[in-house]
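*Asks:* Okay, sequence plus prediction incoming.
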Amino acid sequence: MNFLSDFSGPSLVRRIALILALVQAIILLGFFLATPLLVETPDPTPEAAQQILITDLEREFVPLESGAADLPISITNRKGFEQANSKLSYVVQTADIERRFGDDPAFRSLPTLMTEEEDTCKSQRGTILRGNKKKVISFSQKSCGEKSYYIAVSGVQQTLTINTFENAVIFFWGVWVYWVVTAVLVGLVTLIVLALLFKRLQVAAQQADSLPPDKTIVRVSEHKLPVEVKPFVGAMNEMIGRLRDYYEKQQRFAAAAAHDLRTPLTIMRSRLEELKASKLRDRLIRDVERMSTSIAQILNLARLNAGEGRLGPVDLNRVAERVLESTAPGAFLANKSIELVKPDDPVVVLADDGAVYSAMCNLVFNAVEHAPGNTSIVVILQDTGSIDIVNSGAVISEADHKTIFKPYKRLGSNGNGHGMGLAIVSDIMELCGGTVTIADSGQEGTSFRLAFQLHLDDFSL
Amino acid sequence: MTHAGTSAVRLLIVEDDVYIASGLDKLLKNEGHVIDIVDTLDSARAALLVADYELILLDRGLPDGDGIRLFRTEEYQKSKQPVLILTAMEDVPERVKGLDAGAADYLVKPFEPDELLARIRSALRLSGHQETNLVKISNLIYDPLSKQASVGDVPLVFPRRELLILDALIMNAGRVVLRRNLENYVYKLGEEISSNSLDVNISRLRQNLKKGEVNAEIHAVRGLGYLIKAGNK
C-alpha cells in the first residue's frame, strides 16, 4: 500500500498557490495598466472641475457642462453626511436613456445598483447610499459624442459636492487597492482551506497505509473529509473492500489447499506403515516427504506474498538444525548421510523463519535426491549469513546456472526435475532480501548458496 | 520399525477425517494404547466428561470450529490433560497460537509415525507419566522403566553411559537427538568432558549393539546429533 503514501510528486497546494499568485498578478497588472485609460487622466487643474453644490433639494436637475461629460464624475457625501443624506437619490440622464437610482418614488422603478451598460455609451460605477454603510456615492461618465448629460438628485438634506474628477481618480485607485487586498485575502484563505483539506487527505492516506493486509483490514475513515474528496475515498474504500474479499478468498484457498493436500498425504503416510519394509516403501515415504516439502514452500511463499509475517531476526544456526533434524531421517532412508558444519554462536539474519525453513528444506531435499548413494550432503553455515548446501551429484552446467531458478525448469533427462521448487526458493529469498546462487565449485557435485543480510542490533554485541 | 507395549495409556483422538483417525488408531493400538476417537469438539467435551485420558491428540480444523477452542471449555479445564496438536496449519503464528492456548506440542501433517510416537512419549513423560510401555525397534526390545534392553529373551548389558545414550536415542526413535542434549543427559553437571568422549561412547555402543545382534543402527548427523533406526536386515 506504499503507493498511497507517495507524495514525492509536485505538491498540489504549492501548484495552486503559484497559479493563484500568477493569475492575481496578471489581473492586477492589467488593472494597473488599464487604470489611466479608464480614468482618462483628467486635467488636475481646479478650472477643469465642475463643482456643483446641492443644498436641500427636491429633484434638482443639474446639467453637466459638455466638457465635464468627458470626465469621471463623483458625488461625494462627506463624512458625517450619511445620516443627513440617507434619502439621497439621483438620476443620470443621457440624451435618450434615463437611469434612475435611489429611494425617491419617482426613481424607484429602476435598479438600485449601478452597473456598466454597454448599450449606452456611458460607464457608471458606484453604489447608492444606504444608511451609513457607504461614504462615497460615485459614478463615472465618458464622452458620448455630442449628447447632453445631466444628474438629477433628490433627498439631499445637506450640502453635497459633485466633483467631476478629483474623487473619481481616488475612486479608481481605491478600487485598485481594494482588488489587491481582496486578492491577497482570497489567496490566503484558499491556501489555508486547501492546506487543511490536504491535511485531511494525508490523514486518510496514513490510515490507508497502515491497513494491515489481513483479516483486521478496515476502511479509511470518511469522517470530516471534504465532500469533493469523499467520492474518491469512497471508491478507494470499495477497492479496499474488493481487495479484502480477494485476500480472504486467497487465504481461504491457501488454508483449504493446505488442508486438502496435507490430509491425503497424512493418510498415505500412515497407510505406508502397513506395508512391509521394502525399497519401494522407502521410496514412497520419500515421495510423501517431497510433496509435503513442496506444499510447505508454496504456502510460505503465498503467506509472504500476502504481506503476512514481517521480516525479523532469524537465527540461521537454529533453522539449519531444524532443517537437518527433519531431513536427516529421510536421507538415511535413501542411504545417504547428511552433516552440518556451523559456528557455535547464533548467526542472526533478517528473514522470515517459516519461509527460510521451507526454502532450506527444499534445497536439502533436492541435494539428497540428486546425490549418489552412500555419499554425504554437507550443509555449511557461515557467520557471514550464508548457507552452502553441497552434494556430490552431477555438476550443473554453467549455462543452466541462471535458468535453473525459473519456474518449471528441469535439468537433464532423468525426470527428477526441480519444477517449481527452485523458483519458489528464489522468490522466497528475494522477499527476504537475500539471494540464492549456484556456487561454481569447479569440481564434482553442486553447491547451492543462500545468502542473507545479517541482522545487526545493539543486543548482539 | 514397529513398537509394541504392554501397559495401556488411554488416549483421545479428536480428528474428523476418518482415514487419518483410523491410521492413528492402528499406530497407537499397536503401541498398546487404548484409543477413543471423536470427530467434533462437542463430542470431545462429552468424552472428557466420561473418561480420564492421559493425552489428547487434537486436530484443528474440526466441523464445529477450531480445535484450540477445546482448551477454553470447562470439561478441559477440569482435567487439563496434555494435548498434542496435529494439524495442517504450519505457520509460525499458528504454532504459537496453539502452544499459547496450552498445547504440549504441535505437529504438522503429514507427520512421521515415529516422530509422533516420540512426541507422545515425551509429552507423557513431561506430564509425570511413568513410561511403562516396552519400545521395540526391529528385534530390540527396551523397557524404559527398568532401562533394560533385550533381543528376544536375551538381556543386553551396557555400561552406564552407553545405556543412557541408548535410552535417549530409543525414547526419541526416528528423531535426531541433538548432540548437546545427549551430552546434558549423559554427563553430570560439571563433569569434565573431552570433545570426542561422546563419539567414543557411541562407537562402543554401536559395537555392543552389533555384538548383541541388534538389527538397529545409530546414524550420526555430523555437527548435529544422532538417531537410531531399524536396520535393513
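*Replies:* Right, received. Where do you want to start? Numbering: from 1, shown residues only, chains lettered A, B, ... in the order given.

*Asks:* wait, what's in contact with the residue in chain B positioned nearest to chain A?
*Replies:* Closest residue of chain B to chain A, Cβ to the nearest Cβ: B:Gly23 (2.9 Å). Where you see a C-beta, it was placed from the backbone N, CA and C, and this is true even at glycine. The contact partners of B:Gly23, taken as Cβ atoms under 8 Å, 6 or more residues apart in numbering or on different chains, are A:Thr266, A:Ile267, A:Ser270, A:Arg271, A:Glu273.

*Asks:* any weak-confidence spans in the stretch 101-250 of chain A?
*Replies:* A:101-176, A:208, A:210-218, A:224, A:226 (pLDDT under 70).

*Asks:* Quick one: the strands in chain B, in order.
*Replies:* Taking DSSP state E as the criterion, chain B carries its strands at B:10-14, B:34-38, B:55-58, B:61-62, B:65-66, B:83-87, B:105-108, B:135-137, B:140-143, B:148-151, B:154-156, B:177-178, B:216-221, B:225-230.

*Asks:* Ramachandran coordinates for the residue in the stretch 351-461 of chain A that chain B sits nearest to?
*Replies:* Per Cβ to the nearest Cβ, A:Gly354 is where the stretch 351-461 of chain A lies closest to chain B, at 5.0 Å. When quoted as degrees, to the nearest 10, the phi and psi of A:Gly354 stand at phi -60, psi -40.

*Asks:* Pull up the gap between it and A:Arg318, please.
*Replies:* 13 Å (Cβ to Cβ, to the nearest Å).

*Asks:* Show me which of these two is the more surrounded one.
*Replies:* More crowded of A:Gly354 and A:Arg318, by other Cβ atoms under 10 Å in any protein chain shown: A:Gly354, with 25 against 14.

*Asks:* what's near enough to touch that one?
*Replies:* A:Asn300, A:Arg303, A:Gly309, B:Glu90, B:Asp91, B:Val92.

*Asks:* Mind doing that once more with 10 Å?
*Replies:* A:296-297, A:299-300, A:303-304, A:308-309, A:314, A:319, A:428, B:90-95 (Cβ atoms under 10 Å, 6 or more residues apart in numbering or on different chains).

*Asks:* mean pLDDT for the strands of chain B: which is lowest?
*Replies:* If you rank the strands of chain B by mean pLDDT, strand B:135-137 sits at the bottom with a mean of 85.

*Asks:* Tell me which of the strands of chain B approaches A:Leu201 most closely.
*Replies:* strand B:65-66 (40.4 Å; Cβ to Cβ).

*Asks:* ok, and what's touching that closest one?
*Replies:* Contacts of strand B:65-66 (Cβ under 10 Å, 6+ apart): B:Thr40, B:Leu41, B:Asp42, B:Asp59, B:Arg60, B:Thr87, B:Met89, B:Glu94, B:Lys97, B:Gly98, B:Ala101.

*Asks:* Sheet-wise, list the partners of it with their directions.
*Replies:* strand B:61-62 (antiparallel) (DSSP bridges).

*Asks:* how far does the partner strand sit from the chain's center?
*Replies:* 24 Å (Cα atoms, centre = their mean, to the nearest Å).

*Asks:* show me where the chain has helices.
*Replies:* Picked chain A for this. Along chain A, the stretches classed as helices by DSSP state H are A:12-39, A:166-209, A:230-272, A:279-305, A:316-333, A:353-370, A:400-403, A:421-431.

*Asks:* actually it's chain B I care about, not the one you picked
*Replies:* B:18-30, B:41-50, B:74-79, B:92-101, B:113-126, B:160-171, B:179-186, B:197-211.

*Asks:* Enumerate every residue touching B:Leu57.
*Replies:* B:11-15, B:21, B:24, B:28, B:35, B:37, B:67, B:83-86, B:107, B:116, B:119-120, B:123.

*Asks:* could you list every residue that touches the nearest residue to it once chain neighbours are set aside?
*Replies:* In space, and not counting its chain neighbours, B:Leu57 is closest to B:Ile13: 4.8 Å by Cβ to Cβ, 6 or more residues apart in numbering or on different chains. Contact analysis of B:Ile13 by Cβ under 10 Å, 6+ apart lists B:20-22, B:24-25, B:28, B:35-39, B:44, B:47, B:53, B:55-59, B:86.

*Asks:* One more pass at 7 Å, please.
*Replies:* Contact analysis of B:Ile13 by Cβ atoms under 7 Å, 6 or more residues apart in numbering or on different chains lists B:Ala21, B:Leu24, B:Asp25, B:Ile35, B:Ile37, B:Leu57.

*Asks:* And for A:Leu363, the neighbour number?
*Replies:* So A:Leu363, with other Cβ under 10 Å, has 26 neighbours.

*Asks:* which non-adjacent residue is nearest it?
*Replies:* A:Ile389 (4.7 Å).

*Asks:* Relative to B:Asp143, how far out is that neighbour?
*Replies:* Taken as Cβ to Cβ, the span from A:Ile389 to B:Asp143 is 41 Å.

*Asks:* So those two - more neighbours on which side?
*Replies:* Ranked by neighbour count (other Cβ under 10 Å), A:Ile389 and B:Asp143 place A:Ile389 first, with 26 against 17.

*Asks:* mind checking pLDDT for that one?
*Replies:* For A:Ile389, pLDDT reads 93.

*Asks:* surely it meets A:Val379?
*Replies:* Yes. Counting by Cβ atoms under 7 Å, A:Ile389 does reach A:Val379; the two are 5.4 Å apart.
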